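Q: Need the 3D shape of this:
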Amino acid sequence: MPAKSKIQDEQEAIRWIEEGKTYSWIVEQYKTKYNIETTPSLWASFRSRRGLKRRTARNTELIPWTVKEEHWFAYPLAMLRIEARVREGFKLRDVDAKRHASWKEFLKEENAVVYYDPDTEEGFHYVPREASDTDIIRQPKQATRKL
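A: As a prediction, the model looks like this:
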């Protein structure tokens with residue numbers, strides 16, 4: 001016999017997820033409202049099982065590399081993640097929308113694209129756009145990102 005679900009009201013949970021409530025917020029609500037301990041991973045699994053829209057954008061066209069841990073917080077990578085969110089129709093916070101617009105303007109003015117070289121200290125670089133560049137990144141000869 002399967003274990004009894006901790007989720008008391010699926011429609012409520014679906015509504016919260018669709019409203020964009022964070023998993024941490026839902027965990028806290030469940031503790032307060034139902035006195036039930038849950039975890040963010042429980043809510044991520046619930047979202048996935050119900051076929052609800054992913055909270056993060058996955059765009060291997062914009063981020064085709066396996067990025068080294070020391071480069072995870074590089075500004076160009078953060079901007080590529082925001083661009084992926086824009087392309088997938090996610091709503092941006094005002095601060096992110098402003099940063100994104102400024103960054104896109106920078107790329108345009110500099111006629112540059114993002115290039116990733118994992119063997120350098122910085123990892124990410126801006127390089128002059130070439131005729132073969134079809135997007136805002138320099139495509140690697142072969143994608144290295146694991147799906």
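Q: All the helices of this structure, residue numbers only.
A: With helices called from DSSP state H, the chain shows them at 10-18, 23-34, 40-49, 75-87, 94-110.
Q: helices and strands around the shortest one, which ones?
A: For helix 10-18, the elements it packs on are helix 23-34, helix 40-49, judged by 3 or more Cβ pairs under 8 Å, 6 or more residues apart in numbering; DSSP states H and E. To be clear about C-beta, it is placed using only N, CA and C from the backbone, and glycine gets the same treatment.
Q: Now do the shortest one: which elements does it pack against?
A: Just to be clear, that refers to helix 40-49. Under the contact criterion of 3+ Cβ pairs under 8 Å, 6+ apart, helix 40-49 touches helix 10-18, helix 23-34.
Q: now the shortest one against helix 40-49, angle please.
A: Put plainly, it is helix 10-18. 100 degrees (axes from the mean of the first three to the mean of the last three Cα atoms, to 10 degrees).
Q: Which parts of helix 10-18 count as buried, going by neighbours?
A: Buried positions in helix 10-18, judged by neighbour count with 16 or more other Cβ atoms under 10 Å: 13, 16-17.
Q: what does stretch 13-21 contact?
A: Stretch 13-21 is contacted from outside by 7, 25-26, 29, 43, 46-47, 50, 52-53, 91, using Cβ atoms under 8 Å, 6 or more residues apart in numbering.
Q: mean confidence score for that stretch?
A: In this model, stretch 13-21 carries a mean pLDDT of 85.
Q: What of stretch 67-74?
A: 94.
Q: Please export the C-alpha coordinates of it as CSV.
A: These are the backbone C-alpha positions of stretch 67-74, laid out as CSV (Å, rounded to 0.1, in the frame of the first residue of the first chain):
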residue,chain,number,x,y,z
VAL,A,67,30.1,25.1,-16.9
LYS,A,68,32.8,24.6,-14.3
GLU,A,69,31.7,25.2,-10.7
GLU,A,70,34.1,28.2,-10.3
HIS,A,71,32.3,29.9,-13.2
TRP,A,72,28.7,29.3,-12.0
PHE,A,73,28.2,32.8,-10.8
ALA,A,74,29.8,34.7,-13.6
